[in-house]
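1. coordinates for the following, if possible.
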Amino acid sequence: MGGVATISGNTVTIVGAGETNISAYQAANGGYTDGGTSTHFIVNQATTEITGLSNHTLSVNQNYSINISSNNTEVAFTVESSNANVATVSIEGSALTVIAVGAGETTITVTQAASHYTNYTAGSIQATFNVIE
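-> Numbers count the residues shown, from 1 in each chain. Purely as a prediction, here's the structure:
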């Protein structure tokens, strides 16, 4: 993570999640004494929102491909099938491929992890895939 905030002139710009202290000081001027202030900022991680996956019915040996999207561009997607005897899955970048291999039902889960170095929380999306003969 590259920091929490930047200051340019009298503008504070939030650039990432975390905590920071911002202090300001003004020297004595004219009839005024010098003075300062400080404040503590806590900037929470943004919520990861993954979209593009929905429930489907496939036939055995049918392939299904879709692009998954997310507001979190900092962490790669991972994907899992709850039943690899029904469907196998893979993801390259945002391209998700589901291959129906046997009749039944499986839950496909696409996840993005959070880490100390990301501005986003972990997120996931699930969909049920029914595979018919």
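
2. what lies in contact with the helix or strand that contains Val110?
-> In this assignment (DSSP states H and E), Val110 forms part of strand 104-112. By C-beta atoms under 8 Å, 6 or more residues apart in numbering, the residues outside strand 104-112 that reach it are 48, 50, 53, 68, 70, 72, 75-87, 89, 91, 96, 98, 120, 122-131. Heads up, the C-betas are built off the backbone N, CA and C, glycines and all.

3. can I have the buried ones of the residues you listed as a ChimeraX selection?
-> Remark: buried members of the contacts of strand 104-112, expressed as a ChimeraX selection using 16 or more other C-beta atoms under 10 Å:
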select :48,50,53,68,70,72,75,77,79,81,83,86,87,89,91,96,98,120,123,124,125,127,129,131
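
4. one step back: what comes up buried for the strand holding Val110?
-> Buried-residue list, strand 104-112, by 16+ other C-beta under 10 Å: 106, 108-112.

5. let's have these in a markdown table, adding pLDDT and distance to Ile22.
-> Converted to a markdown table, the buried residues of strand 104-112 look like this (pLDDT from 0 to 100; distance: C-beta to C-beta, whole Å):
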| residue | pLDDT | distance to Ile22 |
| --- | --- | --- |
| Thr106 | 98 | 50 |
| Ile108 | 98 | 44 |
| Thr109 | 98 | 40 |
| Val110 | 98 | 38 |
| Thr111 | 97 | 35 |
| Gln112 | 95 | 30 |
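
6. what is the nearest of the residues you listed to Phe41?
-> Gln112 (25.4 Å; C-beta to C-beta).
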